[in-house]
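Asker: have a look; sequence and predicted model below, questions after that.
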Amino acid sequence: QVQLVESGGGSVQPGGSLRLSCAVSRFALDYYAIGWFRQVPGKEREGVSCISGSPARPWYADSMKGRFTITRSNAKNTVYLQMNDLKSEDTAVYYCAAYAGCGQGVELYWGQGTQVTVSS
């Protein structure tokens, strides 16, 4: 069955960095777009970044541009989200999901999420 498994979350101080991973099974990364969204209890889900299937073009939400970088390893079938200069408002559960394309809203598959906490 299709699985997306996130890892790499944790606690960091403001200004710190984390790299999230999304390991995908059962389909190749050029078949679907893989995106990251985040969720804070009581707030709306927020799209963070996405990388399209083929060609692999990145997309970022405005508040993440210049701080976050999305990449992928086709050999490892894994998508990465490098997060730098983290701020307290980046605290959330981060999920990766598969989409028909970046910006095409409905998640086809998604993972269980990984917690990111940014606090001094």
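Answerer: Cool, the structure landed. On a predicted model such as this, the values are computed, not experimentally measured, just so you know. Numbers count the residues shown, from 1 in each chain.

Asker: surely Thr117 and Gly10 touch.
Answerer: Yes - with contact defined as CB atoms under 8 Å, Thr117 reaches Gly10; the gap is 7.3 Å. Every residue, glycine included, has its C-beta placed from N, CA and C.

Asker: for Lys43, phi and psi?
Answerer: Summarising the backbone geometry of Lys43 under the convention degrees, to the nearest 10, its torsions are phi -120, psi 160.

Asker: next: Asp62.
Answerer: phi -50, psi -40.

Asker: again, but for Ser88
Answerer: Backbone torsions for Ser88, taken as degrees, to the nearest 10, come to phi -60, psi -30.

Asker: and it, how many neighbours?
Answerer: Ser88 sits with 11 neighbouring residues when counted by other CB atoms under 10 Å.

Asker: and the spatially closest residue to it that is not a sequence neighbour, what pLDDT?
Answerer: Take Ser88 and drop its neighbours on the chain: the residue closest to it by CB to CB, 6 or more residues apart in numbering is Val118, 5.1 Å away. According to the prediction, Val118 has pLDDT 98.
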